[in-house]
Structures are given as C-alpha cells and as structure tokens.
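Visitor: pasting a predicted model and its sequence here:
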Amino acid sequence: MQRTTKIVATLGPASSDPAVLNQLVAVGIDVVRLNFSHGTADDHRARMDNLRLAMGAQNRTVGVMADLQGPKIRVGKFASGKIPLQPGQPFVLATRCELGDAGRVGLDYPELVDDVAAGDVLLLDDGRVVMDVAEVTIDEIRCTVRQGTELSNNKGINKQGGGLSAPALTAKDKEDIRTAATLKVDYVAVSFPKSGDDMRRARKLLTNAGSSALIVAKIERVEAIQNLEDILDASDGVMVARGDLAVEVGDAAVPALQKRIIRMAREHNKFVITATQMMESMIHSPVPTRAEVSDVANAVLDGTDAVMLSAETAAGDYPVQTVEAMARICVEAEKSSEISLEKHFLDRVFTRIDQSIAMAALFAASHLHVKAIAALTESGSTALWMSRLNVGVPIYALTQDVRTRYKVSIFKGVYPVMMRQTGHDRDQLLHEAEEQLIRAGAVEPGDLIVLTIGEPIGTPGGTNTLKIVKVGETHTAIN
C-alpha cells in the first residue's frame, strides 16, 4: 500500500552527514525541516546541498521547510549553569541581571514585566517549572515557585492562558526570511503568530525577498486558537505545534484542539502538519512506545497531511529507524481511514470552475474505481483541493513547474511527477501525461484514470477540463 501521509524530518547534527541523509531519503522522508533556531545560514545551505545529492541518487522529490525561531522568551544564564528550585521558594525574574543565582535570573525579553501581573502563572522549561507571580515592579517579576525542578540556562517562559505581547516576527526572523528566500525553500513556518495579520506581514516580507514559498502558521498560542479562522485565511498551511500550545492551554486540552485544527484546515483547503514529541522516545531507543504509535496513528486518522519529527532525526541516535517506524504506523493507520464522499458534497457550493472540476474528478474516481487521478497543474491548487477528501486513489500532480513539484510534496496523498515541456497541444500533453505515469509505475496500459487539465494550457488556476481515460486509448473530454 502506498503511504499517503507525508513525513517531515528535521535536519541536525544526527542527520546532516550525506550517508545518513541519503538513507533518510531512501526510506521515505517527504519534506525536510531546517530549524532556524539553530545553526547558521551556511549550515542550512550545506544541508540543502547534501539533500539535493541524495534526491538525485534516489530519484525522489523532497520539499524543504524553513522554520523561523520567533519570539521565544527565555531566562538568561546562571553563574553555575543551572540551579535547583523547591516549592514555596521565592524567585525573581529580573530585567537587569547579568548572571543568575539561586534567587534570581535575568530575562532576554524585558517587556515581560508589562505583560504579567500579580496572580498570573508562569511556566518555564515547557512547564517543568511553575511559578506564581506575587508582585511586579518596573524591572522585576517576583514569584513563588509552585512546582520546582532544576532550571538551567536559556529555558523558555510561557504565560498560562496566553497574553504575551511579543511580536511574531523578530529582527532575526526578518533576516532569516531573506536567507530562506536565497536558499529557495518551498515552505516557511512562522512561529507564535497571534493573528492573520502576522501571517500577512510574513508573506509580504517573503514576497519582497523574491520567494513564492508557501507559508505555514505554527499554532502554539492561545490567541492563535481564538483567531484560527483569520490565520487559516492568511496562510497556505498550519502546524499543530503541540509543545508551546500545551504549555499555554494545558496539556489535556491539546488532543481535542488538534482534531479541531486539522478539521478546520481541511475545510479551508489548507494543508496541516502535526508536530512535537511524536516519537520522542526514539531519540535514544530503537523502537517507539505504544503510546507514540497510537499518537501518530490518531493524527493520521484525524486527516493530517504530514507528521513531523524534530529532535528524533535532528539529534537522535536512530534517525533512519525512526522514519521507518513512523512510515509503518502511517501505512497501517491509513488502512482504516474512512472513504466517504457523498456527505462532503451534500451541503457544498463550488463557485470556481477549477475547484468544481477537482471535486468532479474525485467523485468520478470514487465511483469508477480508477487506478489513479492525474492533475496537470501549474500552481498545484487542483491537487491540493483533491487531497482534502479521501477517495483511496493516489493523486499525481503532473507539472512543468519545478517549484510546484516540490510544493505539492507535503499534500496528503499527492505525488509529484515532472512533465517535459511539450508546448500547448492538449492531446500531446495528455499523451505525455500517460507516458509519465507508466514510466513512474503508477499505471499500466488498460488502467482507467481520471485526468484534469486547464485550457488554454499553461494558465495557473485554469483547470476546466476533466477526461476519463483508459490508458492507451482515446476518450472524450468533459468541459
């Protein structure tokens, strides 16, 4: 069975060696993530060079996502590197503190004093440390430790319930957007957006830098949940970033929110990535826990386009085995995925011709039991729309645009196929599409396929023709 859920793997020290990267591509990663919280532009460039070599060796298409750091609010450094904290202990977060000690530590975001008040709850180090705010002065946040453990240098700070005013795009992010544009990445993920305006600003910066990369909103703030509709409208895709989201809303709320975000993303024709700690134990173990298997499988059953690995492939001991395990889980879960189109068509109105053609192709494919759907596409939009509903038929995005070939690699159930430039003759183009599918091993002569194409040929967003074809024969188009 062909895997439809895509796998995003973060590159780092454990996966940057060309031999390891070659193995990761061979076992099936679909997208790599460059984490701009770590490394330099030269580091990312070297990884992309190695990735291109691996893709060439394996004859596979792998997209590239640049993940911006965003306004991560952190404590400063301690003189001893770390300190123990006990419940009931007073502790101060100070805007003016060079090196911390057992009673206080500095802040890398001085404006935090304006965002909190007595009675607020602060969560440090992903919620491992909990502090109650007792008093706020002009340069200090005086707290009492509620839950304590070791606290070390540069750990993150969240406010329970959200409400931090830090902008989504820092000066570093703006510079990293320019770097991402020069690297010609396919997706840019924006950390901690609070509204659609944050995403629109990021898109404008990206466009001004000369990039047409798809833009992904990482949903990890309370405000992002409140403004989810607006964020979806302003983005090409979203990421369920469960780490910081769990700290802000509480871990028990995350599973239901994950389902809601995935459902809304698909309803808005956006792609969605589920991320954070999916196979966390495999950083040091060659096999996942049963809970991790269930977690990945449930994300697949929810309809996520992709599942993401972070430290597991960036710094773990078993990066290749982790991808292999995740792929097995996805394939098994997909066997139980519901296939039902009728309910999705009953209450929907399609105002665009190209979207109507995409939906008609799905309906025909479902009822005729075709071998494949082939979308000849310039922008990839037709393939994206088709991928929002599950018909159990692989969707091949045939394109002459190299950028589109990589962008569609994250869409659930969509497989990119590069077309040769064949002019503007429709019959010639359709014949070439059949030949490419045969060469790819997707179909054989005599198989039934559904083809969609736009006329005049070469116009983005112009899909207006559906053709049901027995491979090797000629059929009439439906316009």
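Guide: Sure thing, it's come through.

Visitor: quick check on the residue nearest to the spatial centre of the chain: phi, psi?
Guide: Among the residues of the chain, the one closest to the centroid is residue 273, at 3.8 Å (C-alpha atoms, centre = their mean). Backbone dihedrals for residue 273, given as degrees, to the nearest 10, come out at phi -120, psi 130.

Visitor: residues contacting it?
Guide: Residues touching residue 273, when contacts are defined by C-beta atoms under 8 Å, 6 or more residues apart in numbering, comprise 8, 216, 237, 238, 239, 240, 304, 305, 306, 307, 308, 410. Where you see a C-beta, it was placed from the backbone N, CA and C, and this is true even at glycine.

Visitor: quick one: secondary structure of the second one?
Guide: Using DSSP: H, G, I helix; E, B strand; the rest coil, the secondary structure recorded for residue 216 is strand.

Visitor: before we move on, back to that, who wins on neighbours among the contacts of residue 273?
Guide: The most neighbours of any of the contacts of residue 273, using other C-beta atoms under 10 Å, belong to residue 239, which has 31 neighbours.

Visitor: need the three-state assignment for the closest residue to residue 388 other than its chain neighbours.
Guide: Residue nearest to residue 388 in three dimensions, not counting chain neighbours: residue 266, with 5.0 Å by C-beta to C-beta, 6 or more residues apart in numbering. Classification of residue 266 using three-state DSSP returns helix.

Visitor: wait, residue 266 touches residue 302, no?
Guide: No - with contact defined as C-beta atoms under 8 Å, residue 266 does not reach residue 302; the gap is 9.4 Å.

Visitor: and for these two, which residues touch both?
Guide: By C-beta under 8 Å, 6+ apart, residue 266 and residue 302 have no common neighbours.

Visitor: ok so, going back, can you tell me which of the contacts of residue 273 end up in strands?
Guide: Cross-referencing these against strands under DSSP state E gives 8, 216, 237, 238, 239, 240, 306, 307, 308.

Visitor: so which of these is the closest to residue 429?
Guide: Using C-beta to C-beta, residue 237 comes nearest to residue 429 of the ones in strands among the contacts of residue 273, at 28.9 Å.

Visitor: how near is the closest one to residue 448?
Guide: As for residue 237, its distance to residue 448 is 32 Å (criterion: C-beta to C-beta, to the nearest Å).

Visitor: next one: residue 415
Guide: In this structure, residue 415 lies at 18 Å from residue 448, with C-beta to C-beta as the measure.

Visitor: for residue 354, same thing?
Guide: Counting by C-beta to C-beta, the gap between residue 354 and residue 448 amounts to 23 Å.

Visitor: element containing the residue lying closest to residue 131 once chain neighbours are set aside, please.
Guide: In this structure, residue 131 finds its nearest non-sequential neighbour in residue 143, 3.9 Å apart by C-beta to C-beta, 6+ apart. Taking DSSP states H and E as the criterion, residue 143 maps to strand 140-147.

Visitor: now that strand: buried residues?
Guide: 140, 141, 142, 143, 145, 146 (16 or more other C-beta atoms under 10 Å).

Visitor: got a list of what residue 205 touches?
Guide: If a contact means C-beta under 8 Å, 6+ apart, then residue 205 has 169, 174, 177 as its contacts.

Visitor: could you rerun that using 6 Å?
Guide: Each residue near residue 205 by C-beta atoms under 6 Å, 6 or more residues apart in numbering is listed here: residue 177.

Visitor: that one and residue 171, how far apart?
Guide: In this structure, residue 205 lies at 12 Å from residue 171, with C-beta to C-beta as the measure.

Visitor: and residue 395, by the same measure?
Guide: According to C-beta to C-beta, residue 395 stands 41 Å off from residue 171.

Visitor: before we move on, what about residue 110?
Guide: Applying C-beta to C-beta, the value for residue 110 to residue 171 is 15 Å.

Visitor: between the two, which one's more packed in?
Guide: Remark: of residue 110 and residue 171, residue 110 carries more neighbours, 12 against 8, as counted by other C-beta under 10 Å.

Visitor: and the pLDDT at that one?
Guide: For residue 110, the model assigns a pLDDT of 91.

Visitor: correct me, but it touches residue 97?
Guide: No - no contact is recorded between residue 110 and residue 97 when judged using C-beta atoms under 6 Å, the distance being 10.8 Å.

Visitor: now residue 108, nearest residue through space, not along the chain?
Guide: Sequence neighbours aside, residue 74 is the residue nearest to residue 108 in space, at 5.0 Å (criterion: C-beta to C-beta, 6+ apart).

Visitor: mind listing what the one you found touches?
Guide: Residues counted as contacts of residue 74 (C-beta under 6 Å, 6+ apart) are 108, 154, 156.

Visitor: do you know the pLDDT at the last one?
Guide: So that's residue 156. Per-residue confidence (pLDDT) for residue 156: 91.

Visitor: residue contacts, it?
Guide: 72, 74.

Visitor: so what pairs up with it in the strands?
Guide: For residue 156, the beta-bridge partners are residue 74 (DSSP bridges).

Visitor: and it, how far is that from residue 111?
Guide: When distance is defined by C-beta to C-beta, residue 156 is 15 Å away from residue 111.

Visitor: now for the residue lying closest to residue 100 once chain neighbours are set aside, how many residues are close by?
Guide: Counting by C-beta to C-beta, 6+ apart, the nearest residue to residue 100 once its immediate chain neighbours are dropped is residue 78, at 4.2 Å. For residue 78, the tally of surrounding residues (other C-beta under 10 Å) stands at 20.

Visitor: switch to numbering from 590
Guide: Renumbered: residue one is now 590, and that last one reads residue 667.

Visitor: how near is residue 667 to residue 658?
Guide: According to C-beta to C-beta, residue 667 stands 22 Å off from residue 658.

Visitor: for residue 666, phi and psi?
Guide: The main-chain torsion angles of residue 666 are listed as degrees, to the nearest 10 and equal phi -110, psi 150.

Visitor: need the pLDDT of it.
Guide: In the predicted model, residue 666 carries a pLDDT score of 94.

Visitor: what's near enough to touch it?
Guide: Going by C-beta under 6 Å, 6+ apart, residue 666 touches 688, 742.
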